[in-house]
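Novice: my questions are about this predicted structure, shown below with the sequence.
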Amino acid sequence: MGKRKTVWRWWAKALGEKASKDDKESDSVALIRTFIFVSYLVTNCFIIAGVIRHWNDVPSKIPETKKERIFDSNSILS
């Protein structure tokens with residue numbers, strides 16, 4: 001058994017129990033499980049990157065201009 005087959009066998013076992021007695025069918029299920037795992041991993045990386053990017057965001061005070069106060073919805077209501 002080659003090194004590549006051994007690594008694939010370990011990976012397939014790490015994904016869960018063997019799906020069936022047929023090796024081709026089990027390999028197909030392992031590929032689907034791998035795709036699901038990779039999609040979860042990518043999604044989580046984007047979530048973590050967003051959290052890290054906005055970790056120390058502090059709202060800044062932008063000086064209001066007269067024009068901004070005219071179009072402010074709160075000033076229309078009051």
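Specialist: Happy to help now that I have it.
Novice: next, residue 19: secondary structure please.
Specialist: Following DSSP: H, G, I helix; E, B strand; the rest coil, we place residue 19 in the coil state.
Novice: now it: how far from residue 37?
Specialist: From residue 19 across to residue 37, the span is 15 Å (C-beta to C-beta, to the nearest Å). Glycine gets a C-beta too; all of them are placed from N, C-alpha and C.
Novice: same deal with residue 21?
Specialist: Residue 21 is 23 Å from residue 37, by C-beta to C-beta.
Novice: tell me which of the two has more neighbours.
Specialist: It is residue 37, of residue 21 and residue 37, that has more neighbours when counted by other C-beta atoms under 10 Å, with 13 against 7.
Novice: wait, the more buried one touches residue 14, no?
Specialist: No - contact between residue 37 and residue 14 fails when scored by C-beta atoms under 8 Å: they sit 9.5 Å apart.
Novice: packing partners of the lengthiest helix in the chain?
Specialist: The single longest helix within the chain, with elements called by DSSP state H, is helix 23-53. Applying 3 or more C-beta pairs under 8 Å, 6 or more residues apart in numbering; DSSP states H and E, one finds that helix 23-53 makes contact with helix 3-15.
Novice: and the helix it packs on, what does it pack against?
Specialist: If you count contacts as 3+ C-beta pairs under 8 Å, 6+ apart, helix 3-15 packs onto helix 23-53.
Novice: list the buried residues in the helix it packs on.
Specialist: By neighbour count on 16 or more other C-beta atoms under 10 Å, the buried set for helix 23-53 is 29, 30, 33.
Novice: separation between the second one and residue 53?
Specialist: Counting by C-beta to C-beta, the gap from residue 30 to residue 53 is 34 Å.
Novice: hang on, the earlier thing: quick one: mean pLDDT over the longest helix of the chain.
Specialist: Averaging pLDDT along helix 23-53 gives 95.
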